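A.B. asks: One predicted model, sequence on top.
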Amino acid sequence: MTALAAVTPDDPTTVVWAAAASPPLWIVLAKVQGLYDADHRQLRHLTTDEIPSIFMWITLSVAATALLLSLADVPGLDGVAATAMWLAAFVAAVALRAAARGLWRRIVPQEATLVLGDGELARMLTRKLRLEPGHHAALLSADTADERSSAGGLALEAVVRSRGIERIVVAREDLDEASFREVVRVCRATRTKLSATPPLPAMFGTAVALTHLAEFPLIEFKTWDPSRSTLLLKHLVDRIGAAVALTLLAPLMLAIALAIRLDSAGPALFRQRRAGVEGRPFTMLKFRTMVDDAEQRLTELIDIDTLADPMFKLRDDPRITRVGRLLRRWSLDELPQLLNVLAGRMSLVGPRPEEVRLVERYGEAERIRIQMRPGMTGPMQVHGRGELTFAERVAVEREYVENHSLRKDASLLLKTAGAVIRGRGAF
């Protein structure tokens, strides 16, 4: 309403009518978009996850407000007023929802969450919850035989009531239908929320939708390449985005280059051969964060030929300079890759480019991460960065490649900002 009043100062009637009609309408439309229910239902939820829903909510709400004003024979919203109203509402909605969610998580105690399972699946789940932000769960392990048994319904129900469990997460490789039905019964009887990891995670690795034939569940897989139109739009967004970013960030990049030169001997830019799409090598650019002879000194720290996995990341690398440590903490060393994006060698979002000699050691399963153009940011940066094991890194990048969409790219770009601020895994 503030934006509307600013662009229609001589027509207060429009503002008054819009202010009276909008709140109930907007609340109903927000409910329809599921913006009041996701945190209660899902184990993990971030404001960035709901950007598409907020976009649709604001668009429908502004359009509906304009329609109501028109039907009431009140001067309607012109294009300028509607655009100002949309922008103000969208920015405010995202900012206020993020702030409210953050305040809620600080004030409200964490959700007592019981993990049913003690095998590898449960350990994987626990590690993911440690690495990933956005949940509000205090994990409690099932430490007795009765608690670990999902079939022991009466015992499990007693545990849920006595320990004040608010959510159960089932993570068992040997889960059977009868046992799971009993867990569902207990959760319904105690009004406890329920989440479950599938006994065969790979079965859901490329699933993009769960549909039903009457009551029968059906998993729909996406096993084909992205459409040409999607790839064309991605390419256009990359080129335009890189050009705009380079223009805006040029003063900052010049300042960083000067700081590097003053801090240590050597060039401001670091060039290295990396594997691009389908493994084709290209020269990747970064701001230099190490001493000038870092490549020659690598053999003093690690023998690449003896690595268990074709990747390495040294937490306390003695070759990093003072300025370099700061650049890595805030991912500013990646900015020159905008030139790689502009040249079409990289994308704004995609699997991270790896050294050619490491990619040469990939097996068939790992080569999926080089099926797309490498990115400045991507699932690795958002889901743990340097904390990820090689298997975890391949898994999140496989999911990205197999389920690529422009919407997913936009989501990862938004989440990158939060990952950079948190700084986890930045070394």
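C.D. replies: Nice, I can see it. Numbering: from 1, shown residues only.

A.B. asks: only C-alpha atoms for contact and neighbour calcs from this point on.
C.D. replies: OK.

A.B. asks: so Ala419, which of the three states?
C.D. replies: helix (DSSP: H, G, I helix; E, B strand; the rest coil).

A.B. asks: Pull the number of nearby residues for it.
C.D. replies: Residues within reach of Ala419, counting by other Cα atoms under 10 Å, total 22.

A.B. asks: Also Glu215?
C.D. replies: Per other Cα under 10 Å, the neighbour tally for Glu215 reads 7.

A.B. asks: Over to Ala155?
C.D. replies: 16.

A.B. asks: ditto for the one 5 residues further on
C.D. replies: Applying other Cα under 10 Å, we find 22 other residues in the vicinity of Val160.

A.B. asks: where's it, which helix or strand?
C.D. replies: According to DSSP states H and E, Val160 maps onto helix 153-163.

A.B. asks: gap between that helix and the chain center?
C.D. replies: In terms of Cα atoms, centre = their mean, to the nearest Å, the centre of helix 153-163 is set 35 Å apart from its chain centre.

A.B. asks: who does whichever helix or strand comes after it touch, helix- and strand-wise?
C.D. replies: Next helix or strand after helix 153-163 toward the C-terminus (DSSP H and E): strand 167-170. With contacts taken as 3 or more Cα pairs under 8 Å, 6 or more residues apart in numbering; DSSP states H and E, strand 167-170 sits against strand 111-116, strand 193-196.

A.B. asks: Just put the ones you listed in TSV and tack on distance to Asp292.
C.D. replies: Shown next, in TSV, are the helices and strands packed on strand 167-170 (distance: least, Cα to Cα, whole Å):
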stretch	distance to Asp292
strand 111-116	49
strand 193-196	50
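
A.B. asks: ok, and which of these has the densest surroundings?
C.D. replies: Of all these, strand 111-116 has the most neighbours on average by mean count of other Cα atoms under 10 Å, namely a mean of 22.

A.B. asks: picking that back up, buried sites along the helix holding Val160?
C.D. replies: Counting neighbours by 16 or more other Cα atoms under 10 Å, one finds that the buried residues in helix 153-163 are Gly153, Ala155, Leu156, Glu157, Val159, Val160.

A.B. asks: what's the angle from that helix to strand 111-116?
C.D. replies: 150 degrees (axes from the mean of the first three to the mean of the last three Cα atoms, to 10 degrees).

A.B. asks: pLDDT on helix 153-163, on average?
C.D. replies: What helix 153-163 shows for mean pLDDT is 82.

A.B. asks: Out of the helices and strands in this structure, which is least certain?
C.D. replies: helix 145-148 (a mean of 47; mean pLDDT, DSSP states H and E).

A.B. asks: which ones are touching Arg352?
C.D. replies: Contact analysis of Arg352 by Cα atoms under 8 Å, 6 or more residues apart in numbering lists Pro374, Gly375, Met376, Thr377, Gly378, Met380.

A.B. asks: quick one: the strands in the stretch 201-350 of the chain?
C.D. replies: 207-213, 216-221, 269-275, 281-287, 347-349 (DSSP state E, counting those that start in this stretch).

A.B. asks: Which strands or helices does the fourth one pack on?
C.D. replies: In this structure, strand 281-287 packs against strand 269-275, helix 337-342, with contacts taken as 3+ Cα pairs under 8 Å, 6+ apart.

A.B. asks: closest to Leu69 out of the ones you listed?
C.D. replies: With respect to Leu69, and counting by Cα to Cα, the nearest of the helices and strands packed on strand 281-287 is helix 337-342 at 45.7 Å.

A.B. asks: Tell me where this protein is predicted with low confidence.
C.D. replies: By pLDDT under 70, the low-scoring segments of the chain are 1-21, 38-41, 71-77, 141-154, 201-208, 223-224, 425-427.

A.B. asks: Can you list the helices and strands that the longest helix anywhere in it packs against?
C.D. replies: Looking across the chain with DSSP state H, the single longest helix is helix 228-263. If contacts are counted by 3+ Cα pairs under 8 Å, 6+ apart, helix 228-263 sits against helix 322-329, helix 337-342, strand 347-349.

A.B. asks: ok and the longest one relative to helix 228-263, angle-wise?
C.D. replies: Angular relation of helix 322-329 and helix 228-263 on a 0 to 180 degree scale: 160 degrees, by the same axes, to 10 degrees.

A.B. asks: if we can go back for a sec, out of the helices and strands packed on strand 167-170, which comes closest to Asp409?
C.D. replies: Among these, strand 193-196 comes nearest to Asp409, with 26.5 Å by Cα to Cα.

A.B. asks: can you list contacts of the closest one?
C.D. replies: For strand 193-196, the external contacting residues (Cα under 8 Å, 6+ apart) are Arg41, Gln42, Leu43, Glu166, Arg167, Ile168, Val169, Val170, Ala171, Val184, Cys187.

A.B. asks: Look up how far Val277 lies from the last one.
C.D. replies: Distance, Cys187 to Val277, by Cα to Cα, to the nearest Å: 47 Å.

A.B. asks: which one of these two has more residues nearby?
C.D. replies: Between Cys187 and Val277, counted using other Cα under 10 Å, Cys187 has the larger neighbour count: 21 against 17.
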